[in-house]
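1. Okay, sequence plus prediction incoming.
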Amino acid sequence: MYWLTLKDELAVNKQLRNNEYYRKQEEFDYLYKKSARGDNFYDLTDRITETNNLRLAYRNLKGNKGSNTPGLSGKSLIQIANMKLAYYLLILKTKFAKYQPSKIKRVGIPKSNGKIRYLGIKEPDDKIMEQAIYQVLDPITSAKFHNNSNGFIKGRSCHRVIAQMLNYIINEKLYFVVDIDIKGFFDNVNHGKLLKQLWTLGIRDKRLISIISTMLKAEIFGVGIPEKGTPQGGVLSPLLANIYLNELDWWLDSKKDKGIRFVRYADDFKILCPNYATAKYMLETTTEWLNKRLKLEVSEEKTKIVNLKRNYSVFLGLKIKIKEKNGKYHIVSHMTDKAITNCKEKVKKQIKIVKLNKNNPNNCKKEIEKYNAIVQGIHNYYDKATMISLDLKQIGWIISSYLGWNFKDCLEYKVINGSDFVIKKYGTDKKLPLIRGQPIIPIERIEYDYRTRHNYNFNFYKETSRENFHKQLGIYNEFVIDQILAVPILEESVELNDNVIPRFCGQLGKSYITGNEFWTANSIYVIRKHDCKFSNKYDNIILVESKVFNLIKLKNVEDVVEIERMITGITSKQLEKINNIRKENNLPSIAY
């Protein structure tokens with residue numbers, strides 16, 4: 001049986017839920033279906049600038065890591081969040097009509113090998129624009145992507161591509177791997193070639209292609225206007241990378257009569273071959289094809305043929321080879337040396353932060369939870385390595401010593417029971433290290449997960465594929481959601497408007513105070529629990545009917561006759577909730 005990893009499933013569910021909030025999933029499924037049957041698209045700009053697509057772009061972007069990193073102007077997504085919805089829509093639609101990108105801030109991120117990786121940080125409105133384009137292009141291009149393309153595609157992951165590779169090695173006996181390393185891929189994408197590929201995929205909206213062309217040529221501050229490449233860190237860059245390499249995928253697929261297979265994650269790909277002669281042929285022809293067709297060069301130093309019977313092939317943080325036992329070959333895989341070093345440094349860094357907060361119980365608990373999340377993330381990714389327990393034992397004894405040295409006064413080891421996730425998974429019958437009573441995940445306590453944890457055939461844009469793990473919105477009165485979308489609160493902020501439908505669903509379509517069901521959008525009133533400047537977050541807003549709204553906002557509590565009229569039908573418990581909200585907003589209580 002195959003399934004998505006928990007992380008992939010959560011990410012996919014979140015994206016589907018967002019699409020459903022703005023009633024876009026059906027449209028995206030339709031675009032995928034049209035693309036799959038070979039239709040061309042001439043009206044995409046109208047779809048991109050449609051109000052709900054622009055609102056969805058904000059929702060998708062605000063949850064992304066790094067989305068609040070400010071651009072060159074110092075503005076970030078926070079400014080967008082607090083903007084009036086009407087102004088937000090006007091700015092974006094106007095910008096699409098006559099697009100001119102802002103300058104891009106360039107940020108250098110040091111790599112472990114001493115080199116610098118440069119990211120392009122765009123202005124928030126440019127990020128939103130790219131996200132809006134991405135949402136419409138993704139279903140169209142996904143219909144044309146090869147099944148072995150895995151990077152940056154919903155429902156596909158590193159685990160999926162590794163599983164594909166291992167399947168080819170063991171089941172098809174492909175023991176020779178061609179490791180090809182493309183030199184500076186993102187910096188060397190040919191703009192003209194990329195735009196032609198968009199056209200070939202059926203994207204025939206000339207206005208959109210012109211906008212994408214302009215985006216590619218956006219000036220990088222301190223560098224100038226790029227003649228090639230896509231800036232890493234851009235919202236649209238991963239999709240454009242897959243479009244650019246899609247031609248490579250299908251060219252490699254055409255060579256399968258030679259007995260070869262391939263797997264790809266972004267610009268990192270492997271060609272698996274049945275013998276050395278085929279591997280040599282594929283290395284030479286692929287290198288030549290990349291140069292002539294895509295204008296890409298490979299690193300001679302890193303490009304090579306690996307015989308898995310003798311050496312490891314490194315892929316996505318794992319090193320993989322095969323070993324014979326009882327006349328059969330089986331996989332032997334480890335974390336790479338680089339991955340071990342990175343994990344060790346990451347864990348030790350967090351231990352130092354825990355130490356700095358060990359005398360503050362609340363902060364200490366939060367930092368221990370972060371430490372456990374880091375270790376859990378390492379386990380979830382690397383438990384696909386057959387020798388993972390051996391690899392992490394190398395780190396484990398170092399970390400144990402490090403804990404003992406830094407927490408002599410508050411570290412203990414106990415067998416404990418409880419419902420806490422860490423205790424249930426890692427403790428119960430084994431001793432756990434505890435700092436001030438908080439359990440710590442022992443990094444070495446891990447076993448190889450032999451299961452193939454992915455779905456080869458999952459398709460984000462097919463309802464039949466999604467239904468096995470994704471539940472539709474549990475609200476029967478979807479008519480009200482359509483009304484909310486049709487009449488947004490234009491004078492309120494983008495953030496508040498973005499949270500109305502999720503809050504409606506979270507309240508099961510009922511009033512927060514009374515539990516009465518909403519039958520029309522006109523009967524819904526938005527209340528902030530804490531009426532402060534930045535108070536438009538999901539947790540701070542509730543939806544109520546007019547009677548409750550008026551009671552919460554009531555200024556004059558001296559008019560007994562009026563109050564008696566207003567609280568008719570309101571129970572004492574409901575009035576208590578109302579008074580709690582009034583208290584948070586510095587208003588006097590209403591007597592029952």
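-> It's in.
2. where along the stretch 351-500 of the chain do the helices fall?
-> Using DSSP state H, counting those that start in this stretch, the helices of the stretch 351-500 of the chain run over residues 361-382, 388-406, 421-426, 463-466, 478-486, 494-506.
3. now the angle between helix 478-486 and the last one, please.
-> Between helix 494-506 and helix 478-486, the angle formed by their directions is 180 degrees, by axes from the mean of the first three to the mean of the last three CA atoms, to 10 degrees.
4. Which strands or helices does the helix or strand following helix 494-506 pack on?
-> Toward the C-terminal end, the helix or strand that comes next after helix 494-506 (DSSP states H and E) is strand 525-528. Other elements packing on strand 525-528 under the criterion 3 or more CB pairs under 8 Å, 6 or more residues apart in numbering; DSSP states H and E are strand 541-544, helix 546-553. The C-beta positions use only the backbone N, C-alpha and C, and glycine is treated the same way.
5. ranking the helices of the stretch 351-500 of the chain by burial, who's on top?
-> Among these, helix 494-506 has the highest mean neighbour count (mean count of other CB atoms under 10 Å), at a mean of 21.
6. Now do it: everything it contacts.
-> Contacts to helix 494-506, defined as CB atoms under 8 Å, 6 or more residues apart in numbering, come from residues 21-22, 55, 58-59, 62, 80-85, 88, 473-475, 480-481, 484-485, 488-489, 518, 524, 526, 536-538, 541-543.
7. Pull out the buried residues from these.
-> Those of those that meet the buried threshold are 21-22, 55, 58-59, 62, 80-81, 83-85, 88, 473, 475, 480-481, 484-485, 488, 518, 524, 526, 536, 541-543, by 16 or more other CB atoms under 10 Å.
8. Now do the contacts for the residue nearest to residue 225 when sequence neighbours are not counted.
-> Leaving aside its sequence neighbours, residue 225 sits nearest to residue 219 (CB to CB, 6 or more residues apart in numbering; 5.1 Å). For residue 219, the contacting residues are 101, 103-104, 225, by CB under 8 Å, 6+ apart.
9. what do you get if the cut-off is 7 Å, keeping everything else the same?
-> 103-104, 225 (CB atoms under 7 Å, 6 or more residues apart in numbering).
10. Who wins on neighbours among these?
-> residue 104 (25 neighbours; other CB atoms under 10 Å).
11. show me what contacts it?
-> Counting by CB under 7 Å, 6+ apart, residue 104 has contacts 120-122, 218-221, 231.
12. Residue 250: neighbouring residues, count only.
-> Neighbours of residue 250 using other CB under 10 Å come to 12.
13. now swap in the one 5 residues further on and tell me
-> Neighbourhood size, residue 255 [other CB under 10 Å]: 19.
14. Quick check: it vs residue 267, distance?
-> Counting by CB to CB, to the nearest Å, the separation of residue 255 from residue 267 is 19 Å.
15. quick revisit: dump the helices and strands packed on strand 525-528 into a markdown table; add distance to residue 137 and mean pLDDT as well.
-> Listed next are these as a markdown table, based on distance: least, CB to CB, whole Å; pLDDT from 0 to 100:
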| stretch | distance to residue 137 | mean pLDDT |
| --- | --- | --- |
| strand 541-544 | 32 | 94 |
| helix 546-553 | 41 | 91 |
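16. Distance to residue 327 added to those, as JSON lines?
-> JSON lines is the format used below for those (distance: least, CB to CB, whole Å):
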{"stretch": "strand 541-544", "distance to residue 327": "66"}
{"stretch": "helix 546-553", "distance to residue 327": "75"}
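17. So which residues of the chain form strands?
-> Here the chain has its strands, by DSSP state E, at 105-110, 116-121, 176-180, 261-265, 268-273, 304-307, 313-315, 318-325, 328-335, 411-414, 432-435, 438-439, 525-528, 541-544.
18. what's the closest of these to residue 551?
-> Closest to residue 551 of the strands of the chain is strand 541-544 (CB to CB; 8.9 Å).
19. Quick one: end-to-end length of stretch 116-130, please.
-> Counting by CA to CA, to the nearest Å, you get 25 Å between the two ends of stretch 116-130.
20. Now it: buried residues?
-> Within stretch 116-130, judged by 16+ other CB under 10 Å, the buried ones are 119-130.
21. Which of these sits closest to residue 315?
-> Nearest to residue 315 out of the buried residues of stretch 116-130 is residue 119 (CB to CB; 23.8 Å).
22. who's that closest one bridged to?
-> Taking DSSP bridges as the rule, residue 119 bridges to residue 107.
23. picking that back up, most tightly packed of the helices and strands packed on strand 525-528?
-> strand 541-544 (a mean of 23).
24. quick one: contacts of that strand?
-> With CB under 7 Å, 6+ apart, strand 541-544 has contacts from 496, 499, 503-504, 507, 511-513, 524-529.
25. what's the distance between the residue nearest to residue 157 when sequence neighbours are not counted and residue 158?
-> Among residues not flanking residue 157 along the chain, residue 8 sits closest, at 5.1 Å (CB to CB, 6+ apart). Distance, residue 8 to residue 158, by CB to CB: 10 Å.
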